[in-house]
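Asks: Need the 3D shape of this:
(one chain, ligands or ions: 1)
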Amino acid sequence: MQNNDEKQIMSEYWRRQGRQLLAIAVSLFLVILMAVVYKRSDLFGDYSGNTLISAQLVVIISFIAFTALNWRCPACKKYLGSSIKQPVCRHCRTRLR
Ligand SMILES: [Zn+2]
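Replies: A predicted model of the protein is given here:
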């Protein structure tokens, strides 16, 4: 038997995991895109390497900031760690999925 709290925590965890996967996909896409733009200046025009490196840093820092806010246990609000699939929270032992 699941009570409502558990269901809520699991669906909140599910939403957070979805946002996290989306953020990983978008960040990877942008970083790779900028690397491609840098390598193929013949196709995309000549951006200076510094501009692209700064843009990549912005993407990476935004991703880390987003992860720090989003990737938290729905029950105890502590950071969930580097794995995207957590069966239980390692801080409060709440079942997450
Ligand atoms: Zn927790």
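Asks: packing partners for whatever helix or strand Thr67 lives in?
Replies: Following DSSP states H and E, one finds Thr67 within helix 49-70. Packing partners of helix 49-70 (3 or more C-beta pairs under 8 Å, 6 or more residues apart in numbering; DSSP states H and E): helix 4-39. Bear in mind the C-beta positions are built from the backbone N, C-alpha and C, glycine included.
Asks: So for the helix it packs on, what gets flagged as buried?
Replies: By neighbour count on 16 or more other C-beta atoms under 10 Å, the buried set for helix 4-39 is 9-10, 13, 16-17, 20, 23, 27, 30-31, 34, 37-38.
Asks: cool, and stretch 58-75?
Replies: By neighbour count on 16+ other C-beta under 10 Å, the buried set for stretch 58-75 is 59, 63, 66-67, 70-75.
Asks: for stretch 76-95, same thing?
Replies: Under the neighbour-count criterion of 16+ other C-beta under 10 Å, stretch 76-95 has 80, 86, 89, 94 buried.
Asks: mind checking how far Glu12 is from Tyr79?
Replies: According to C-beta to C-beta, to the nearest Å, Glu12 and Tyr79 sit 15 Å apart.
Asks: tell me the pLDDT at Ser83?
Replies: For Ser83, the pLDDT comes out at 88.
Asks: actually Pro74, not the one I typed
Replies: So, for Pro74, pLDDT stands at 96.
Asks: now swap in Asp42 and tell me
Replies: Reported pLDDT for Asp42: 82.
Asks: Any stretches of the protein with poor pLDDT?
Replies: Within the chain, the ranges that satisfy pLDDT under 70 run 1-2.
Asks: near the ion, anything from stretch 81-97?
Replies: Yes - contact of stretch 81-97 with the ion (C-beta under 5 Å from the ion) involves 89, 91-92, 94.
Asks: could I get those as a markdown table with secondary structure?
Replies: Below are the residues of stretch 81-97 next to the ion laid out as a markdown table (DSSP: H, G, I helix; E, B strand; the rest coil):
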| residue | secondary structure |
| --- | --- |
| Cys89 | coil |
| His91 | coil |
| Cys92 | coil |
| Thr94 | coil |
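Asks: Switch those over to a markdown table; also include distance to Asn3.
Replies: Compiled in a markdown table, these are given as follows (distance: C-beta to C-beta, whole Å):
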| residue | distance to Asn3 |
| --- | --- |
| Cys89 | 17 |
| His91 | 20 |
| Cys92 | 16 |
| Thr94 | 12 |
